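Peer 1: generate coordinates for the sequence data below:
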Amino acid sequence: ESLGDMARLVDLDLSGNHISGPIPNSVGNLVNLTGLFLSHNHLTGGIPLSLTNDTLKLQDIFLSGNDLSGTLPVNLANLPHLRNLFLDGNKLTGLIGQDLCSKNLNEEFF
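Peer 2: Numbering: from 1, shown residues only. Here you go, the predicted model:
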């Protein structure tokens, strides 16, 4: 859980590294993090609520191609700087909230 001690970290890219297990809650302690890139691993569990804190600077969240499950945290829509959110290739269920849909995410890719 020492990941949360890297307060100056801006981008975390561990994509394609065969990482398994849940996303640590301590990722939400990375207050200067703008990019979280964890695609194409073997991550399980849900998206931690610690990633939905509206004081975070997260702009890009790439979690595609994992084994994440559960529902999307409603508070993802509260991230004021979020511009890209990629969650495809997981086992997520439920509805996507209207607040999240209205954020016009991923526009630079489409």
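Peer 1: can you list the low-confidence ranges for this structure?
Peer 2: Applying pLDDT under 70 to the chain picks out residues 1-5, 110.
Peer 1: which stretches in it count as strands?
Peer 2: 11-13, 20-22, 35-37, 42-45, 60-62, 67-71, 84-86, 91-93 (DSSP state E).
Peer 1: hey, which of those strands is tucked in deepest?
Peer 2: strand 60-62 (a mean of 20; mean count of other C-beta atoms under 10 Å). Bear in mind the C-beta positions are built from the backbone N, C-alpha and C, glycine included.
Peer 1: partners of that strand, with directions?
Peer 2: Using DSSP bridges, the strands paired with strand 60-62 are strand 35-37 (parallel), strand 84-86 (parallel).
Peer 1: how about the contacts made by the spatially most central residue of the chain?
Peer 2: Here the mean C-alpha position of the chain is nearest to the C-alpha of residue 61 (C-alpha atoms, centre = their mean), at a distance of 4.2 Å. Residue 61 sits next to 36, 51, 82, 84-86 when contact means C-beta atoms under 8 Å, 6 or more residues apart in numbering.
Peer 1: need those in a markdown table (columns: distance to residue 70).
Peer 2: Below are these laid out as a markdown table (distance: C-beta to C-beta, whole Å):
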| residue | distance to residue 70 |
| --- | --- |
| 36 | 17 |
| 51 | 13 |
| 82 | 19 |
| 84 | 21 |
| 85 | 16 |
| 86 | 17 |
